[in-house]
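Enquirer: From the sequence below, what's the structure:
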Amino acid sequence: MSQIEVYERIAKTVLNQYALVDEKIQFLGHSENVTFFVETATEKFLLRIHQPISASTDKQWQQPDIIESELLWLTALYRDTDIVVQEPVQNQQGKWITKLIENDTLNILYCSLLHWIDGNISETRANIATSLPTRLTNGSIAST
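Expert: Coordinates of the predicted model:
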């Protein structure tokens, strides 16, 4: 079984923890996270398996409290501003992070699901880069 097939199996297992129906998945890539495009009949998502490609990558960014902090920040940006960011999705247990223990290796994997944003990445980055500092200075983003 190839590494992509292993991650596809993991992705399908993780997606069982979300209220999605008849989802189709497509492997996008693997660098700091393993990422999948997920599509249902009505919605699109990004699934992230927080597993870096290199063992030498700083593991700090794979820690559940750091991941959750990022997801809470994205939620606040989505909820309290007009900045276009991916909205995180809670699993069926109301958690931002889905924890999975691999049967073969007993490795613990942390996963997150976000709503997909269609568009040009550079435009989205430019929007955030130009508008976020002003909003932070003005205090227009509520803390969670």
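Enquirer: Okay, buried residues for the helix or strand containing Ala11 please.
Expert: Secondary structure assignment for Ala11, by DSSP states H and E: helix 3-15. Across helix 3-15, burial judged by 16 or more other CB atoms under 10 Å covers 7-8, 10-11, 14-15. (Each C-beta comes from the backbone N, C-alpha and C, glycine too.)
Enquirer: Report all helices and strands that that helix contacts.
Expert: Contact analysis of helix 3-15 by 3 or more CB pairs under 8 Å, 6 or more residues apart in numbering; DSSP states H and E lists strand 24-30, strand 34-39, strand 44-49, strand 98-101, strand 108-115 as its packing neighbours.
Enquirer: and with 7 Å instead?
Expert: The elements that helix 3-15 packs onto, with contact taken as 3 or more CB pairs under 7 Å, 6 or more residues apart in numbering; DSSP states H and E, are strand 24-30, strand 34-39, strand 44-49, strand 98-101.
Enquirer: strand partners of the shortest one, parallel vs antiparallel please.
Expert: Applying DSSP bridges, strand 98-101 is found paired with strand 108-115 (antiparallel).
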